[in-house]
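1. Predicted coordinates and the sequence they were generated for:
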Amino acid sequence: MLSAPFRQAWPVLVWLLSALPLIWMLFLKRWRMAGIYILVMFLSHIERIPALEPLSLHLPWPILLFLTILQLCTPGIAVGILILQTTSISEYINGLSRMRIPAGITLATSVIFRFFPTIRAENIGIKRALRMRRLTGLKALHHPLKFFNYRLTPLLLSTSGIGDELSMASLCRGLSTERKRTSYESDNLRFYDWIIIVLSGLLILLWLVTLLVAPRK
């Protein structure tokens, strides 16, 4: 979807790919996430809406550039967030081990995989502490330096220690051992999984063919 020749050659397919994250959110009943996704995609396509064309003509070019980047990257970011939220660490490690991925890559990526949710939990705790001290809303706007100090400094300090703690937790669970690991997870591919794999392969092949056939300027 980031490729200009592919977007120009297959505009309908690009719209279908943009709708896939929304369909996934609706199936998972993530109503709030689906609403945010619809709002972001609506704002990113504001220049293509005829009723809002006079408004888009008065927007400065940095905002239009940001909306274009948002339009291209939002579907991929949404899929990444859904994968993080719906895949457990045990499923992730078991899947990579079944694919014969080296243990070093599995260990490093598993730490990164758990890093973002942990940072989110830390941020929620800091936000609650600020709410107890009434440093939210209009008061935060009146004291922006104090707000950023109390919000960012604890988050940065906790971030530096979370990576080490996750690495030690992974080592304690034996992720660095060279012996074959067992798992309770069942990762056998089903019929729908094979359909998704085949369609994804065809999509990648179509993208490569489009790049080769696209006229060079």
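-> That came in fine, so what should we check first? Numbers count the residues shown, from 1 in each chain.
2. which regions of this structure lie under the pLDDT threshold?
-> Applying pLDDT under 70 to the chain flags the ranges 50-53, 56, 135-141, 143, 163, 166-167, 169-187, 215-217.
3. Using the record's assignment, carve it into domains.
-> The chain breaks down by automatic domain parsing into domains covering 4-86, 89-172.
4. and the host helix or strand of residue 14, what other elements does it pack with?
-> Using DSSP states H and E, residue 14 sits in helix 11-27. Judged by 3 or more Cβ pairs under 8 Å, 6 or more residues apart in numbering; DSSP states H and E, helix 11-27 is in contact with helix 31-44, helix 61-86. Where you see a C-beta, it was placed from the backbone N, CA and C, and this is true even at glycine.
5. Using a markdown table, lay out these together with distance to residue 114.
-> Listed next are the helices and strands packed on helix 11-27 as a markdown table, based on distance: least, Cβ to Cβ, whole Å:
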| stretch | distance to residue 114 |
| --- | --- |
| helix 31-44 | 20 |
| helix 61-86 | 9 |
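6. so can I have a markdown table of the ones you listed showing mean neighbour count and distance to residue 209?
-> Below are these laid out as a markdown table (neighbours: other Cβ atoms under 10 Å; distance: least, Cβ to Cβ, whole Å):
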| stretch | mean neighbour count | distance to residue 209 |
| --- | --- | --- |
| helix 31-44 | 14 | 27 |
| helix 61-86 | 14 | 21 |
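7. rewinding a little: quick one, which of the domains of the chain gets closest to residue 205.
-> domain 4-86 (11.9 Å; Cβ to Cβ).
8. Check the gap between residue 113 and residue 83 for me.
-> With the distance defined as Cβ to Cβ, to the nearest Å, residue 113 ends up 9 Å from residue 83.
9. Could you do residue 69 as well?
-> Distance from residue 69 to residue 83, counting by Cβ to Cβ: 21 Å.
10. and what of residue 159?
-> Per Cβ to Cβ, residue 159 is found 22 Å from residue 83.
11. tally of neighbours for residue 191?
-> Residue 191 sits with 6 neighbouring residues when counted by other Cβ atoms under 10 Å.
12. Please read the previous query as pertaining to residue 133.
-> Using other Cβ under 10 Å, residue 133 has 10 neighbouring residues.
13. excluding its backbone neighbours, what's nearest it?
-> Leaving aside its sequence neighbours, residue 133 sits nearest to residue 150 (Cβ to Cβ, 6 or more residues apart in numbering; 7.6 Å).
14. element containing the one you found?
-> In this structure, residue 150 sits in helix 144-172 according to DSSP H and E.
15. Against which helices or strands is that helix packed?
-> With contacts taken as 3+ Cβ pairs under 8 Å, 6+ apart, helix 144-172 sits against helix 103-132.
16. Tell me who's in contact with residue 81.
-> By Cβ atoms under 8 Å, 6 or more residues apart in numbering, the contact list for residue 81 reads residue 33.
17. Can you say which of the domains of the chain is nearest to residue 211?
-> domain 4-86 (5.9 Å).
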